[in-house]
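In: model this:
(one chain, ligands or ions: 1)
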Amino acid sequence: MDWSLRSCARNGHITYRPDETELAQQLVVETAVGQAWKCLRCGAFIPENPFAFGPADNAPEVPHAGQIRDRFIIRFLGLERGIRGLIVFIVGLAVWRLQISQETLVDHLNSALPLLKPFADQIGWNMNDSGIINFLSSLLSTSPHTLYLITIALLAYGLLQIVEGTGLWYQKRWAEYLAVVATSAFIPLEIFELTHKITFLRAGALVVNIAAVIWLLWTKHLFGLNGGAAAAHDESVKGRAAINYAINMHSRLEMATTESH
Ligand SMILES: [Zn+2]
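Out: The predicted structure follows:
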């Protein structure tokens, strides 16, 4: 898949006439219908007036094919994280509501116990010695706390995923770091889950998350990997770099005209 062509088809070509003649000459060809300017993104010669002009240093930012593909993948990751975060957050809210009703359940049970006692006495059932009542009581007395912790964890994790997803959608570098750290942090938990019970969904999620971490670390040059931030910066082509990138870009039309000579 040619990501540059896909992007040009969707957003239109980016042509630019630099004021520097020696650079402009390398971006323009004379055709039967007039001048055609080389698209800074896909390298095709477009038989129209340049989209913009000015000093080479002011040329617009042009993400090249690899970057366009990477941005697409990152947006997809961001969307996935955002939706997952939203679901987890809603589940957290549901547990929070359950916690409230659970507390009232304890209150109800506490107030109901003295009322139940005469009936229990009638059938000779000692409630204080009852294993079931003790178990229920202990469960209800410890559960609110457990539910409270679960609520906090779910809401926090949901929020984290929403923030991460939003940041990834807007191509923020901090979000890439956050995604790597947060995803890595949950990998041991996912492995633990797998040791408990292996399901296709769990195994799939683990594989996807490990792949996402490795992919982010490498292609986004995080933690100094693969050339580090300097290399990541170099990938962003704008100004003179975008002009030079376009000049050196292979062009189909250029080949066609040289062949016909
Ligand atoms: Zn183009």
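In: Those residues of this protein touching the ion, which are they?
Out: Counting by CB under 5 Å from the ion, the residues of the chain close to the ion are 8, 13, 39, 41, 42. All C-beta atoms are positioned from the backbone trio N, CA, C, and that covers glycine.
In: Name the residue closest to the centre of this structure, please.
Out: Centroid check for the chain by CA atoms, centre = their mean gives residue 78 as the closest residue, at 2.1 Å.
In: can you confirm it is in a helix?
Out: Yes: judged by DSSP: H, G, I helix; E, B strand; the rest coil, residue 78 forms part of a helix.
In: Just the buried ones from the residues of the chain next to the ion?
Out: When the residues of the chain next to the ion are checked for burial by 16 or more other CB atoms under 10 Å, the buried set is 8, 13, 39, 41, 42.
In: and the third one, backbone torsions?
Out: The one in question is residue 39. When read as degrees, to the nearest 10, the backbone of residue 39 gives phi -70, psi 130.
In: Secondary structure element holding residue 17?
Out: Element membership of residue 17 [criterion: DSSP states H and E] is strand 16-18.
In: From the rest of the structure, what touches that strand?
Out: 24, 27-28, 37, 40, 50-56, 59-60, 242-243 (CB atoms under 8 Å, 6 or more residues apart in numbering).
In: so what secondary structure elements neighbour whichever strand or helix holds residue 217?
Out: Per DSSP H and E: residue 217 is located in helix 200-219. Judged by 3 or more CB pairs under 8 Å, 6 or more residues apart in numbering; DSSP states H and E, helix 200-219 is in contact with helix 65-122, helix 173-196.
In: List the buried residues in that helix.
Out: The neighbour-count check on helix 200-219 (16+ other CB under 10 Å) flags 205, 206, 209, 212, 213, 216, 217, 219 as buried.
In: Output those residues as TSV; include the columns pLDDT and distance to residue 181.
Out: Output for the buried residues of helix 200-219, formatted as TSV (pLDDT from 0 to 100; distance: CB to CB, whole Å):
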residue	pLDDT	distance to residue 181
205	84	18
206	89	17
209	90	12
212	91	12
213	93	9
216	90	10
217	90	11
219	85	17
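In: tell me which of those residues is nearest to the ion?
Out: Taking CB to the ion as the measure, the ion lies nearest residue 219 of those, at 23.0 Å.
In: Understood, closing this out.
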